[in-house]
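[1] fold the following and give me the result.
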Amino acid sequence: MSTTEDASSCERRRIVTETDAELLALARAMTDLDHPLKREAADWAAAELGQADLVDADHRSVFAIDDWRRCADRGIHRLMVPEEHGGLGADRATTLLTLEGLGYGCNDNGLTFALASQIVSSQVTLVRFATDEQRERWLPGLLDGSMFAALAMTEPGSGSDAFSLQATAAKQADGTYLLNGHKAYLTFGPVADLCIAFASTRPEAGSWGVSAFLVPMDLPGVVQGPLREKMGMRTTPFGDIEFRDVVLPADALLSREGAGASIFSAVLDIERAYVFAPQIGAMERQLHDATAYALEREQGGQPIARYQAVSHRLVAMKERHEHCRLLLYRAAMADVTGRGMSLAASLAKIATADAGIASSIDAALLHGAKGYVSEFEVERQLRDAVGGLVYSGTTDVLRNIVARHLGVV
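    From the prediction side, this is the model:
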């Protein structure tokens, strides 16, 4: 056997061994609700994160910038970034357990969603598709918490049909691009330093003509809109960005012309597989709080938990939490193996979005009037959960994706 064949064989064995190790770590995490990494993150979040008056912060849409920086200092922003790019190079199990623990320990769902969103969408996009020069320019500021990035595909007229976008990036004679368009409903839109914008460089080619660009927000012609009020996740900055004859240098192009569709599809699968990890943790916290309340609150001379109607609600919340958690970790396993990730991520997203609402309604019913008024912080869980039906693709669209995998549409 030649030296080249020996090296190739060793490399294949190394990859197989690393894959097996990741799958084993995920299997252990999946079956251990009290995993040490998860509990460590939860304990830290409970001690260090959370706005003093979250009811008021939610009402006024105040983003917890100090908590964001604490998370950066702890290295949370670095989880999914390889060591050679300044990250921690954490495996999938560590990433999921950490995000899940943060969701359990921190009751500011807007903060934990914002963290997960940037980590698994914008930063993953840079790691996987940017050049070394592009990474060197943008990753350090994102990883140390001093910068924010917005992933911009959605427009006022294109949501579920993402590739019907109207934004254009016309290539000029000097090699620059002239970017025009309106991007809407963006996490970090009003405060972003960087926008990863998708625009058509060849409108006649449809989705094959979509390209992605790294757009600094201080360029002339970039207009960041104000914060948009929304039902839930109010502590996550959210708004629009407009591009009015923005001149982009040739090196603003991400990957190559026409790669935008494949970039967005790949990142969206990653996002669906990981962005719900904090909500899984929040669902467990919600169950814990509801159970404690049901054991404490007495009616008819006994704790309400003793009534079958109440105990069965708690059981349903427990069932949903464990079901969604298993699907989430299963999606991460599909990411590791590279097989069936679209299907697994879609199922995890659908189940968690639906369960988040159902369990929040159960929690509100268990608390009675306290579950309806804002001061007890129960109703906010329901408002926050509604967003899960929409972001990363609506659950109706994701059901269509699953149906295609089943071969029925």
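[2] which residues sit against stretch 280-291?
    Contacts with stretch 280-291, where a contact means C-beta atoms under 8 Å, 6 or more residues apart in numbering, come from 33, 38, 42, 99-105, 107, 109, 112, 305, 313-314, 317-318, 320-321, 324-325, 328, 352, 355-356, 359-360, 362-363, 366-367, 381, 384. Using the backbone N, CA and C atoms, a C-beta is placed for each residue, glycine as well.
[3] cool, and stretch 128-137?
    Here stretch 128-137 has contacts from 85, 126-127, 138, 212, 214, 251, 254-255, 259, 263, 266-267, using C-beta under 8 Å, 6+ apart.
[4] how many other residues sit next to Val336?
    19 (other C-beta atoms under 10 Å).
[5] hmm, Leu23 and it touching each other?
    Yes - in this structure Val336 lies within contact range of Leu23 using C-beta atoms under 8 Å: 5.8 Å.
[6] can you name every helix or strand that the helix of greatest length in the chain contacts?
    Counting by DSSP state H, the longest helix found in the chain is helix 308-337. Judged by 3 or more C-beta pairs under 8 Å, 6 or more residues apart in numbering; DSSP states H and E, helix 308-337 is in contact with helix 3-30, helix 92-105, helix 260-274, helix 277-296, helix 341-367.
[7] can you put those helices in CSV and add distance to Pro226 and mean pLDDT?
    Below are the helices and strands packed on helix 308-337 laid out as CSV (distance: least, C-beta to C-beta, whole Å; pLDDT from 0 to 100):
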stretch, distance to Pro226, mean pLDDT
helix 3-30, 40, 74
helix 92-105, 28, 98
helix 260-274, 25, 92
helix 277-296, 26, 98
helix 341-367, 27, 97
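[8] check the residue nearest the centre of the chain and give its pLDDT.
    Geometric centre of the chain, nearest residue: Val275, 2.8 Å, by C-alpha atoms, centre = their mean. Val275 is assigned 94 on the pLDDT scale.
[9] list the contacts of it.
    Phe113, Ala116, Ser117, Val120, Ser121, Tyr391, Ser392.
[10] apply 10 Å and report the result again.
    99, 113, 115-121, 187, 328, 345, 348-349, 352, 388, 391-392 (C-beta atoms under 10 Å, 6 or more residues apart in numbering).
[11] what's the burial count for the residue nearest to it when sequence neighbours are not counted?
    Once flanking residues are discounted, Val275 sits nearest to Ala116: 4.7 Å by C-beta to C-beta, 6 or more residues apart in numbering. Other residues near Ala116 number 24, with proximity taken as other C-beta under 10 Å.
[12] which strand or helix spans Ala116?
    Here Ala116, judged by DSSP states H and E, is contained in helix 109-117.
[13] check which residues of stretch 227-238 are buried.
    Residues of stretch 227-238 classed as buried by neighbour count (16 or more other C-beta atoms under 10 Å): Leu227, Lys230, Gly232, Met233, Arg234, Thr235, Thr236, Pro237, Phe238.
[14] start and end of that stretch, how far apart?
    Using C-alpha to C-alpha, to the nearest Å, the end-to-end distance of stretch 227-238 comes out at 6 Å.
[15] same question, stretch 367-379
    Its start and end residues considered, stretch 367-379 measures 10 Å (C-alpha to C-alpha).
[16] which residues are in contact with it?
    Counting by C-beta under 10 Å, 6+ apart, 54-56, 58-59, 107, 232, 286, 289-290, 293-294, 297, 299, 304, 360-366, 380-383 sit against stretch 367-379.
[17] hang on, the earlier thing: any chance of the helices and strands packed on helix 308-337 in CSV with distance to Ile76 and mean neighbour count as columns?
    Shown next, in CSV, are the helices and strands packed on helix 308-337 (distance: least, C-beta to C-beta, whole Å; neighbours: other C-beta atoms under 10 Å):
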stretch, distance to Ile76, mean neighbour count
helix 3-30, 17, 13
helix 92-105, 7, 26
helix 260-274, 13, 22
helix 277-296, 11, 22
helix 341-367, 21, 22
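[18] isn't there a helix covering Glu229?
    No - assessed with DSSP: H, G, I helix; E, B strand; the rest coil, Glu229 is coil; it does not lie in a helix.
[19] leaving out chain neighbours, which residue sits closest to it?
    Ser61 (6.8 Å).
[20] cool, Thr98 as well?
    In space, and not counting its chain neighbours, Thr98 is closest to Ala41: 4.7 Å by C-beta to C-beta, 6+ apart.
[21] helix or strand for the one you found, which one?
    Residue-wise, Ala41 maps onto helix 36-48 under DSSP H and E.
[22] return the set of buried residues in the following helix or strand past that helix.
    Proceeding N to C from helix 36-48, the next assigned helix or strand is helix 54-60, under DSSP H and E. Going by neighbour count (16+ other C-beta under 10 Å), the buried part of helix 54-60 is Leu54, Ala57, Asp58.
[23] ok, now which ones touch the second one?
    What it means is Ala57. By C-beta under 10 Å, 6+ apart, the neighbours of Ala57 are Gly50, Gln51, Phe63, Ala64, Asp108, Gly110, Leu111, Arg234, Thr235.
[24] how close does it sit to Ser342?
    For Ala57, the distance to Ser342 (C-beta to C-beta, to the nearest Å) stands at 36 Å.
[25] and what of the last one?
    If you measure Asp58 against Ser342 using C-beta to C-beta, the figure is 34 Å.
[26] related to what we said a few turns ago, name the nearest of the contacts of Ala57 relative to Ala332.
    Ala332 has its nearest neighbour among the contacts of Ala57 in Leu111, at 22.3 Å by C-beta to C-beta.
[27] circling back: gap between the helix holding Ala41 and the chain center?
    19 Å (C-alpha atoms, centre = their mean, to the nearest Å).
[28] same thing with stretch 53-73?
    17 Å.
[29] any idea of the mean pLDDT for that stretch?
    On average, stretch 53-73 scores 97.
[30] first-to-last residue distance for it?
    End-to-end for stretch 53-73, by C-alpha to C-alpha: 23 Å.
[31] show me the contacts for Asp354.
    Arg320, Cys324, Ala385, Gly388, Leu389, Thr395.
[32] now flag whichever of the residues you listed is closest to Leu151.
    Nearest to Leu151 out of the contacts of Asp354 is Gly388 (C-beta to C-beta; 17.2 Å).
[33] which SS class is the closest one?
    Strictly by three-state DSSP, Gly388 counts as helix.
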